[in-house]
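Engineer: Sequence and computational prediction follow.
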Amino acid sequence: MDVIAHALWAGAGVMLAQRRWAITRRTAAATVALAVAPDVPHLLPILGWSAFGAGTAATVKGYAIAVPGQEPAVPPGVEWLSHNLHCVTHSAIVAGMAALLLWMWSRSLWIPLLGWWSHIVIDVFTHSADYYPSPVLWPFTRQGFDGVAWNTPVFMALNYLALAATYLWLIRQRLRVLAGGRS
Ligand SMILES: [Zn+2]
């Protein structure tokens, strides 16, 4: 899914959780940041190649919004690194290991990891077999689930409508609580 929608869904999740639990602004911001972060590292090799190599800003943009088979040509090493970074950040196995290691270290679940998890779960269902299936089980397989590609106009429209409805509801609920608190 696109990064803006990832951020908005994570933000909605945080607002919903805040109805029950005390979540600091810092944790909320980190959760939203981690919901966006998985889509950043794989662009770095392309950015580096554009800054220091033969690539251009148009290559970066072309790569970020590419459709299968029409990606801009990049050197094999850059492509390899980019592809593998994408696999690392979209793997439930990697995210699970990270959660486990952090838990062993701090004996608690680091809440912002849920932002990363939300990204992985959403991407599994919003990519299709012919639109970059999400490598959720990497490194065991690069195969993904055949979901609904998020870049189809109908999905985009429905997704943002659902987001608008969710935020309207959340804001109304919050206003109701505030009004109740005053009376
Ligand atoms: Zn993603």
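Structural biologist: Cool, got the structure.
Engineer: Just give me the residue right at the centre of this protein.
Structural biologist: The residue lying closest to the centre of the chain (C-alpha atoms, centre = their mean) is residue 119, at 3.5 Å.
Engineer: So which bits of the helix or strand hosting that residue are buried?
Structural biologist: Counting by DSSP states H and E, the element that carries residue 119 is helix 113-125. Across helix 113-125, burial judged by 16 or more other C-beta atoms under 10 Å covers 113-120, 122-124. (Each C-beta comes from the backbone N, C-alpha and C, glycine too.)
Engineer: Show me where the chain has its helices.
Structural biologist: Counting by DSSP state H, residue ranges of the helices within the chain are 3-18, 25-36, 44-52, 57-64, 76-89, 92-106, 113-125, 153-182.
Engineer: Out of these, the one nearest the ion is which?
Structural biologist: helix 113-125 (4.4 Å; C-beta to the ion).
Engineer: tell me the angle the closest one makes with helix 3-18.
Structural biologist: 130 degrees (axes from the mean of the first three to the mean of the last three C-alpha atoms, to 10 degrees).
Engineer: so what does helix 113-125 touch, helix or strand wise?
Structural biologist: When contacts are defined as 3 or more C-beta pairs under 8 Å, 6 or more residues apart in numbering; DSSP states H and E, helix 113-125 sits against helix 3-18, helix 25-36, helix 92-106.
Engineer: Could you list every helix and strand in contact with the longest one?
Structural biologist: Right, helix 3-18. helix 25-36, helix 113-125, helix 153-182.
Engineer: Can you dump the C-alpha atoms of that helix in PDB for me?
Structural biologist: Provided in PDB are the C-alpha atoms of helix 3-18 (Å, rounded to 0.1, in the frame of the first residue of the first chain):
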ATOM      1  CA  VAL A   3       3.100   5.100   2.500                       C
ATOM      2  CA  ILE A   4       0.600   7.800   3.200                       C
ATOM      3  CA  ALA A   5      -2.200   5.300   3.700                       C
ATOM      4  CA  HIS A   6       0.200   3.100   5.800                       C
ATOM      5  CA  ALA A   7       0.800   6.100   8.100                       C
ATOM      6  CA  LEU A   8      -2.900   7.000   8.300                       C
ATOM      7  CA  TRP A   9      -4.000   3.500   9.200                       C
ATOM      8  CA  ALA A  10      -1.300   3.200  11.800                       C
ATOM      9  CA  GLY A  11      -2.400   6.600  13.200                       C
ATOM     10  CA  ALA A  12      -6.000   5.400  13.400                       C
ATOM     11  CA  GLY A  13      -4.800   2.200  15.200                       C
ATOM     12  CA  VAL A  14      -3.000   4.400  17.700                       C
ATOM     13  CA  MET A  15      -6.000   6.600  18.200                       C
ATOM     14  CA  LEU A  16      -8.200   3.500  18.800                       C
ATOM     15  CA  ALA A  17      -5.700   2.100  21.200                       C
ATOM     16  CA  GLN A  18      -5.500   5.400  23.100                       C
END
